[in-house]
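Novice: one predicted model, sequence on top.
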Amino acid sequence: ARISLNQLSSHPVDESANRVWQLELPVLHNGAVHTLKLRIEEDHAHRKDDPAEAEKSWRVSLSMQLPSLGKVQVSLLLQGKTMEIGLSAERKEVRALLDMNHASIQAAVAAEGIDVKMLSTAPLPSQPDAQPGDTASAGLSLKA
């Protein structure tokens, strides 16, 4: 299993640049190893212009493909104590399951003191088929 972390880009020289962490984590599910792709980045695009009112804003993306679920993606945008959650799945039945659990997801996040501003479920956007070993489509760099 491989774990990839791009540490050099997490400490930008320019303070206006986004900090980005990208990882691939091995996950054991039903006796098989699968990869969870995780990307965490500081999001300057959603910051307020007034530095006194500026709150840290972070964007987190998770992606995983399991035989029983197909490809599933989660996108989170955290601004202070407010969060937007986007759930995507390639299979219709998985999207229906995610939809049915919106209330429990929202309650779990609220229990941590975070207000859910938006929670949505959508089909995955169409993407050209990636070739085996093609990490560029996943937005991950394996270069050190």
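Specialist: Right, received. Where do you want to start?
Novice: for the helix or strand harbouring Arg39, buried residues please.
Specialist: Assignment of secondary structure by DSSP states H and E places Arg39 within strand 32-42. Of all the residues in strand 32-42, those buried under the rule 16 or more other C-beta atoms under 10 Å are Thr35, Lys37, Leu38, Arg39, Ile40, Glu41, Glu42. (Each C-beta comes from the backbone N, C-alpha and C, glycine too.)
Novice: between those, which sits nearest Leu76?
Specialist: Top of the list for closeness to Leu76, among the buried residues of strand 32-42 and by C-beta to C-beta, is Ile40 at 9.4 Å.
Novice: might one say that that closest one is in contact with Val60?
Specialist: Yes - A contact is recorded between Ile40 and Val60 when judged using C-beta atoms under 8 Å, the distance being 5.2 Å.
Novice: picking that back up, so what does the strand holding Arg39 touch, helix or strand wise?
Specialist: The elements that strand 32-42 packs onto, with contact taken as 3 or more C-beta pairs under 8 Å, 6 or more residues apart in numbering; DSSP states H and E, are strand 20-29, strand 57-66.
Novice: and the last one with strand 32-42, angle?
Specialist: Meaning strand 57-66. Angle, strand 57-66 to strand 32-42, by axes from the mean of the first three to the mean of the last three C-alpha atoms, to 10 degrees: 170 degrees.
Novice: strand 57-66 pairs with which strands?
Specialist: Strands that pair with strand 57-66, judged by DSSP bridges, come out as strand 32-42 (antiparallel), strand 70-79 (antiparallel).
Novice: ok, now the first one?
Specialist: On the basis of DSSP bridges, the sheet neighbours of strand 20-29 come out as strand 32-42 (antiparallel).
Novice: okay, the lowest-mean-pLDDT helix or strand in the chain in PDB with CA atoms only?
Specialist: Among the helices and strands of the chain, strand 20-29 carries the lowest confidence by mean pLDDT, DSSP states H and E, at a mean of 91. The C-alpha coordinates for strand 20-29 follow below in PDB (Å, rounded to 0.1, in the frame of the first residue of the first chain):
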ATOM      1  CA  VAL A  20      -2.500  21.600   0.400                       C
ATOM      2  CA  TRP A  21      -2.100  18.100   1.800                       C
ATOM      3  CA  GLN A  22      -2.800  15.000  -0.300                       C
ATOM      4  CA  LEU A  23      -2.900  11.500   0.900                       C
ATOM      5  CA  GLU A  24      -3.700   8.000  -0.300                       C
ATOM      6  CA  LEU A  25      -4.600   5.800   2.600                       C
ATOM      7  CA  PRO A  26      -5.000   2.000   2.400                       C
ATOM      8  CA  VAL A  27      -8.300   0.700   3.700                       C
ATOM      9  CA  LEU A  28      -9.100  -3.000   4.300                       C
ATOM     10  CA  HIS A  29     -12.700  -3.800   3.400                       C
END
